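Participant: predicted model and sequence follow; I will ask about them next.
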Amino acid sequence: MDFSHYSDEPVRMAVDLVNSLDVVSGEEALQVPADVAAFIDSHDGDWCRPGWEPEDRDLHEVRALRSRLRQVFDAETDAGAAAVLNGLLADMGAVPRVSVHGAAPHLHFESEADSPARYLGAITAMGLSVALIEGGFDRFGICHSSTCEDVFVDVSRNHSRLHCSDKCTTRENVAAHRARLRAG
C-alpha cells in the first residue's frame, strides 16, 4: 500500500527514527551529533538535506523528537495519535510549500527553522499524519515479538502484520514451533 508520495519516505524516516533507540536493550543508535547527519543522509531522496553539521543541541532535540514520535505509536486511539501529530506539526512550524522538483508540482511541509530536529519533525509528523488519515490508526503497530518493541506501519493488504520485520516474525515462529515440540 502506498499512502501517497508524501508518506513513503517520511513514514520510513519516522519509523527508523523511533527505532533508533532499542527500548528493550537500551541500545542507542544516535550517540553523537554526527549520527544525526548520517541518519538524514541515509534517507536520501526528495526529503534529504545533506550538509548539516549537527551539534550537541541538535542531537538532544532529535532524541526528544524521537520520543514524541513514539507517542504516536503508543497512543490508545486515533484521537490520541492525532493529538500528538497536531502538536508536533505546530511545534515544528510545518508550513506547506509547493515544490516543483520531480515530475509534477506537489506539496512539502517544511519548518522555516533551519535545524535537523525541526526538519525531521515536520517531515515525519506530516508523513505519519497522511498514513493515519489514509490508512487508519490500526496500521500503526508495535512489534508483538517477546524480545522487541520496535514500531512499524503495516502496509499489508489485510492489516495482518504483527512484527516489525521478517526477522522477528521468524524468531517468534521458531519459538512457537519449539514450544509445540516440547509440549507434544
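Facilitator: Happy to help now that I have it.
Participant: so residue 23 sits in a helix?
Facilitator: No - if the criterion is DSSP: H, G, I helix; E, B strand; the rest coil, then residue 23 is coil and not within a helix.
Participant: quick check: nearest residue in space to it, chain neighbours excluded?
Facilitator: Spatially, and ignoring its direct neighbours in sequence, residue 23 is nearest to residue 149 (4.8 Å; CB to CB, 6 or more residues apart in numbering). C-beta coordinates here come from the backbone N, C-alpha and C atoms, glycine included.
Participant: how close does the one you found sit to residue 158?
Facilitator: For residue 149, the distance to residue 158 equals 23 Å [CB to CB, to the nearest Å].
Participant: so between those two, which is more surrounded?
Facilitator: Between residue 149 and residue 158, residue 149 has the larger neighbour count (other CB atoms under 10 Å), namely 18 against 6.
Participant: before we move on, what SS does the more buried one have?
Facilitator: For residue 149, the secondary structure call by three-state DSSP comes out as coil.
Participant: wait, what's in contact with it?
Facilitator: For residue 149, the contact set (CB atoms under 8 Å, 6 or more residues apart in numbering) comprises 23, 24, 142, 143.
Participant: got it, and residue 159?
Facilitator: So residue 159 contacts 138, 139 (CB under 8 Å, 6+ apart).
Participant: could you pull out the helices in this protein for me?
Facilitator: Listed in chain order, the helices found in the chain under DSSP state H are 8-18, 33-42, 56-74, 78-92, 116-135, 166-183.
Participant: how about the contacts made by the residue lying closest to residue 140 once chain neighbours are set aside?
Facilitator: Excluding the flanking residues, the one nearest residue 140 by CB to CB, 6+ apart is residue 73, at 5.3 Å. Taking CB under 8 Å, 6+ apart, we find residue 73 in contact with 18, 81, 140, 141, 142, 151.
Participant: just the residues you listed now: which is nearest residue 60?
Facilitator: residue 18 (16.5 Å; CB to CB).
Participant: that closest one against residue 69, yeah?
Facilitator: Yes - the pair residue 18 / residue 69 is scored as a contact, 5.0 Å apart, by CB atoms under 8 Å.
Participant: where does the protein have low pLDDT?
Facilitator: Scanning the chain for pLDDT under 70 picks out the ranges 1-7, 44-50.
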